[in-house]
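Colleague: Okay, here's the prediction I keep looking at, along with the sequence it came from:
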Amino acid sequence: MKIKVLPNGPYLVEGGIPLFREIMVKYKMIIPDRWEKVEKFDVKENYALCRCGLSKNKPFCDGSHKNGFNGEETAEKDIFINHVKIYEGKTLDLLDSKPLCASARFCLKGKGVWDLIKETEDEEKLKLLMEEVANCPSGRLVLRDKKGSILEKPLEKEISILEDNLKGVSSAIWVKGGIPIESSKGFVYEVRNRVTLCRCGKSSNKPFCDGTHVKIGFKDEKFYKEEK
């Protein structure tokens, strides 16, 4: 199982990786509570996912990238831990790599993760903190104990097409469970439990999502038409 970023083209998914669509379940206003799977796609052993944002057959590629899509990858090749800000708590630390933010907003639930990390001795607040971090699809946020061990439940190897239905836009591609992502230049990005790939075509951190889909109002028109 792996994902190959094709030069100025789609993501080629190999190994029959299961593909789902997930939406946000509302907590309050535009703040989500959790993800909910609403669709499972029929996929072949190998399939191509749109990366330019222009396909009329989203989430799959239909060749629209051939009209001049610039898919140059600009993301750091370095590992996550080298680009984090550390927020220290009494029992745990929060590792935060802001450039990876996919604007999913789970981190804002309640008091928000940056305040909750200061109160990890409180069992209820610790539980909420761990839920919020786990729902962060991009892996921007990670918890670590004081011995230096990452606290994260391994996810199943699968891909989810995310919809930010609370803002009425289509979100990123959520890659779960440590699936290797091979650059168009042949190297493999750090293999992680959670990452999000850009599917609007406008991220400044390609191939990863940087939340631009919210700013430009990116939509899978077919999905939102069916939702109505």
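Modeller: It's in.

Colleague: ok, the closest residue to Trp114 other than its chain neighbours - contacts?
Modeller: Once flanking residues are discounted, Trp114 sits nearest to Tyr87: 6.0 Å by Cβ to Cβ, 6 or more residues apart in numbering. Bear in mind the C-beta positions are built from the backbone N, C-alpha and C, glycine included. Tyr87 is in contact with 93-94, 96, 114, 117, counting by Cβ atoms under 8 Å, 6 or more residues apart in numbering.

Colleague: Counting by contacts, list what the one helix or strand in the chain whose mean pLDDT sits lowest packs against.
Modeller: The helix or strand with the lowest mean pLDDT-type score in the chain, counting by mean pLDDT, DSSP states H and E, is helix 221-227 (a mean of 83). Using 3 or more Cβ pairs under 8 Å, 6 or more residues apart in numbering; DSSP states H and E as the contact test, no helix or strand touches helix 221-227.

Colleague: Pull out the buried positions in it.
Modeller: In terms of neighbour count (16 or more other Cβ atoms under 10 Å), helix 221-227 has its buried residues at Phe223.

Colleague: can you start the count at 373 instead of 1 from here on
Modeller: Okay, using 373 as the starting number, the last item reads as helix 593-599.

Colleague: Can you tell me what sits against that helix?
Modeller: Contacts for helix 593-599 (Cβ under 8 Å, 6+ apart): 393, 430, 535, 537, 540, 542.

Colleague: Measure how buried Val456 is and give me the count.
Modeller: 19 (other Cβ atoms under 10 Å).

Colleague: returning to that earlier point: can you check the pLDDT for the residue nearest to Trp486?
Modeller: At Tyr459, the model reports a pLDDT of 97.

Colleague: picking up where we left off before, buried among the contacts of Tyr459? Need that as a selection in PyMOL.
Modeller: Selecting only the buried entries of the contacts of Tyr459 in PyMOL, with 16+ other Cβ under 10 Å as the criterion:
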select buried, resi 465+466+468+489
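
Colleague: Return the member of the contacts of Tyr459 nearest to Pro579.
Modeller: Asp468 (21.0 Å; Cβ to Cβ).

Colleague: Quick check: closest non-adjacent residue to the closest one.
Modeller: Asp468 sits nearest to Lys457 (Cβ to Cβ, 6+ apart), 4.9 Å away.

Colleague: For the one you found, grab the count of nearby residues.
Modeller: Lys457 is flanked by 9 other residues according to other Cβ under 10 Å.

Colleague: ok now the least confident helix or strand of the chain, how far from the chain's centre?
Modeller: Counting by Cα atoms, centre = their mean, to the nearest Å, helix 593-599 is centred 21 Å from the centre of its parent chain.

Colleague: ok, now stretch 407-417?
Modeller: So, by Cα atoms, centre = their mean, the centroid of stretch 407-417 is 16 Å from its chain's centroid.

Colleague: Next: stretch 550-565.
Modeller: 14 Å.

Colleague: Could I have the CA atoms of that stretch written out in PDB?
Modeller: Taking Å, rounded to 0.1, in the frame of the first residue of the first chain, the C-alpha atoms of stretch 550-565 are listed here in PDB:
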ATOM      1  CA  GLY A 550       1.200   5.000   8.200                       C
ATOM      2  CA  ILE A 551       0.700   4.700   4.400                       C
ATOM      3  CA  PRO A 552       3.900   5.800   2.600                       C
ATOM      4  CA  ILE A 553       3.600   8.800   0.400                       C
ATOM      5  CA  GLU A 554       6.100   8.900  -2.400                       C
ATOM      6  CA  SER A 555       7.000  12.300  -3.900                       C
ATOM      7  CA  SER A 556       7.000  12.900  -7.600                       C
ATOM      8  CA  LYS A 557      10.700  13.200  -7.300                       C
ATOM      9  CA  GLY A 558      11.000   9.700  -5.900                       C
ATOM     10  CA  PHE A 559      11.700  10.200  -2.200                       C
ATOM     11  CA  VAL A 560       9.200   9.100   0.500                       C
ATOM     12  CA  TYR A 561       7.900  11.600   3.000                       C
ATOM     13  CA  GLU A 562       8.000  10.800   6.700                       C
ATOM     14  CA  VAL A 563       5.500   7.900   7.300                       C
ATOM     15  CA  ARG A 564       3.000   9.100   9.900                       C
ATOM     16  CA  ASN A 565      -0.200   7.900  11.500                       C
END
